[in-house]
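> Give me a 3D structure for the following:
(2 chains)
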Amino acid sequence: MTAIPKTIRAGFDPNAARADFEVFAKPVYGKPLIYLDSAASAQKPKQVLDRMRDFAATDYANVHRGVHYLSAQATDAYEAARRTVQKFLNAKHEDEIVFTKGGTEAINLVSYSYLAPRIQAGDEIVLSVMEHHSNIVPWHFLRERQGAVLRWVDVRDDGSLDVEALDAAITSKTKLVAITHMSNVLGTVTLLKEIVARAHAKGVPVLADGAQGAVHESVDVQALDIDFYTITGHKLYGPTGIGALYGKRAHLKAMRPFNGGGEMIREVTRETVTYADPPARFEAGTPPIIESVGLAAAIGYMTSFDREAVRAHERDLLTYAREAVREFNWLRVIGDAPGKGAILSFETEGMHAHDVATILDREGVAVRAGHHCAQPLMERFGVASTSRASFAMYNTRADVDALVAALAKARKILS
Amino acid sequence: MMDDSLRELYQDVILDHSRHPRHFGPLEGATNTAEGHNPLCGDRVKINLIVDASGRIADIRFEGRGCAISQASASMMTDMVAGRTVAEAEKLMGGFLHLVKGEDAADLTGGDRERLDVMAGVSAFPMRVKCATLAWHTMKSALEGGAGAAKTE
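Numbers count the residues shown, from 1 in each chain, chains lettered A, B, ... in the order given. Next up, the predicted model:
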């Protein structure tokens, strides 16, 4: 059994979904919360919190160890969560899903266990300038330690990715293409299917960072034919402390372990150790059991809605906000790629992003200000930092109106 | 109606300093230099000083970009420490840190307390204290002759 519901609610009513998120009942500075920072971390619906609490209260024990009743219950729930993720990403086999503590760990796992043994000095890794640091630093490690070369693919001025330029960057020395599915700053959604086809034509595997993409786009790893895809629970309306790596079975089977410890072994003697098959090989130690159940509940929650309708709602908010900020001639939107996801990053002339965010905050409007863990992208656009409003299923046009009013107020105070 | 703490934070004096920073730019013949970096926002500041033989700060300038709070703080700091001895500047820094963290700033005396009072509003914004202290930590690094960049952490 997985948490994916059999029936889907028709249409989408953001106000009904909003009622599932208790955070909106609590004012900030005496004002209603306008939460526009879901790209950093999403709020959690009560369905997720209730499920985690109930599981921890009555069905919890360690997994894969005890022969007792509760251990069997917990193991079933943990493995059911794996099947929920499998179905969510449409992976062919459940053993292609490795639980990690988040998206960052999933990418690091690929870096250490898949790519490091294959890298000779001078080998290349192709990545875009809009990657999050989590999809940059693990590859810098291979540059520092093994002499790998990072080949950067630029984005166009509108934030879109030129697939031809990416293709041209893939050479006989390329060992991996590591690319975001959706930029956490620009909102750009990459054409993964096309990218995978181009890379595979040259025999190069592809990893996609799905931290944002899996939230807003439907993912089918088989249709994409992608080699690795990573997700993180807390952006999927689930708990922190859990994420997952999808890896093609053949890749995972050929990979050496990353962490050593309990649960990941076949046999340990004084002289030798042999390892369990994937995914257990990569899940040393007691895993995030309660969080796995929470992640499954979150995926169940998300997929109980018509995801196309949710997507259309989020795009509507983006379009509405994009149009509304045109009245501010001191505001420059960064990232206008066709088909982009519901993220609006902008620079404000003469006003630093942190000052803007502080004033918005006192209006109850939560946005992110800073470099968004994407410093190469900030450099590309010649800014030190930006403000970012990101939209989720629980946001409404009224939230956008509040954002626009708060921006006007910030302008008034700071200029 | 504007939130009182916001009015307190973004007073005219702060906005004036941030828009028209004093002592801004490079400094020829600097004897002490340090660069500071706020990893939270990516802002950077560079402090150049000339400390004379008697241990007095003969000149000080800053470069870099940042938010209104960090720019105003750097501008006011350079204004206030120029002409003082290194020991006096460090004492002033101690008082300033107390002030922006909302602690007892009894070590700030007379005119110093009065001039820095505009920065006291920062204490109501814990996430912004690092913005206010960056230039001061960087100055301290420069005075100590540290080669590394100052961080606000």
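
> measure the residue in chain A that chain B sits nearest to to A:G11 for me?
At 3.6 Å from chain B, A:H352 is the closest residue in chain A, using C-beta to the nearest C-beta. For glycine as for every other residue, the C-beta is placed from the backbone atoms N, C-alpha and C. The gap separating A:H352 from A:G11 is 41 Å, by C-beta to C-beta, to the nearest Å.

> These two: which has the busier surroundings?
Set A:H352 next to A:G11 and count neighbours by other C-beta atoms under 10 Å in any protein chain shown: A:H352 wins out with 26 against 10.

> quick one: the nearest residue to the residue of chain A closest to chain B once chain neighbours are set aside from B:A34, how far?
Among residues not flanking A:H352 along the chain, B:C67 sits closest, at 3.6 Å (C-beta to C-beta, 6 or more residues apart in numbering or on different chains). Distance, B:C67 to B:A34, using C-beta to C-beta: 20 Å.

> now chain B, which segments are flagged as low pLDDT?
B:1-2, B:146-153 (pLDDT under 70).

> Can you get me a residue count around the residue of it found nearest chain A?
Of all residues in chain B, B:C67 sits closest to chain A, at 3.6 Å by C-beta to the nearest C-beta. B:C67: 28 surrounding residues under other C-beta under 10 Å.

> Name all residues that make contact with it.
If you count contacts by C-beta atoms under 8 Å, 6 or more residues apart in numbering or on different chains, B:C67 has them with A:352-355, B:18, B:41, B:43, B:128, B:131.

> related to what we said a few turns ago, now do the contacts for the residue of chain A closest to chain B.
A:385, B:66-68.

> Give the helix, strand or coil label for B:G94.
helix (DSSP: H, G, I helix; E, B strand; the rest coil).

> State the distance from it to B:A105.
Distance from B:G94 to B:A105, by C-beta to C-beta: 9 Å.

> more crowded one of the two?
Using other C-beta under 10 Å as the criterion, B:G94 and B:A105 rank with B:A105 on top: 21 against 14.

> The more buried one is in what secondary structure piece?
Counting by DSSP states H and E, no helix or strand carries B:A105.

> Check B:D16 too.
Judged by DSSP H and E, B:D16 forms part of helix B:12-19.

> B:K140 contacts B:G94, correct?
No. Distance between B:K140 and B:G94: 10.0 Å, which falls outside the contact criterion (C-beta atoms under 8 Å).

> my read: A:E22 touches A:V48, true?
No. Under the contact definition of C-beta under 8 Å, A:E22 does not touch A:V48, with a separation of 11.0 Å.

> Compare those two (neighbour count), which wins?
Shown here are A:E22 and A:V48; by other C-beta under 10 Å, A:V48 has more neighbours (27 against 12).

> For whichever strand or helix holds the more buried one, name the packing helices and strands.
Taking DSSP H and E as the definition, A:V48 sits inside helix A:46-58. Under the contact criterion of 3 or more C-beta pairs under 8 Å, 6 or more residues apart in numbering or on different chains; DSSP states H and E, helix A:46-58 touches helix A:289-302.

> From the chain's centroid, how far away is the helix it packs on?
15 Å (C-alpha atoms, centre = their mean, to the nearest Å).

> With stretch A:384-398 instead?
16 Å.

> Could I get the buried residue list for that stretch?
A:384-396 (16 or more other C-beta atoms under 10 Å in any protein chain shown).

> before we move on, what about stretch A:326-346?
Here stretch A:326-346 shows A:328, A:331, A:333-337, A:340-346 as buried, counting by 16+ other C-beta under 10 Å.

> what's the most distant pair in those?
Largest separation among these by C-beta to C-beta: A:F328 and A:G341, giving 22.0 Å.
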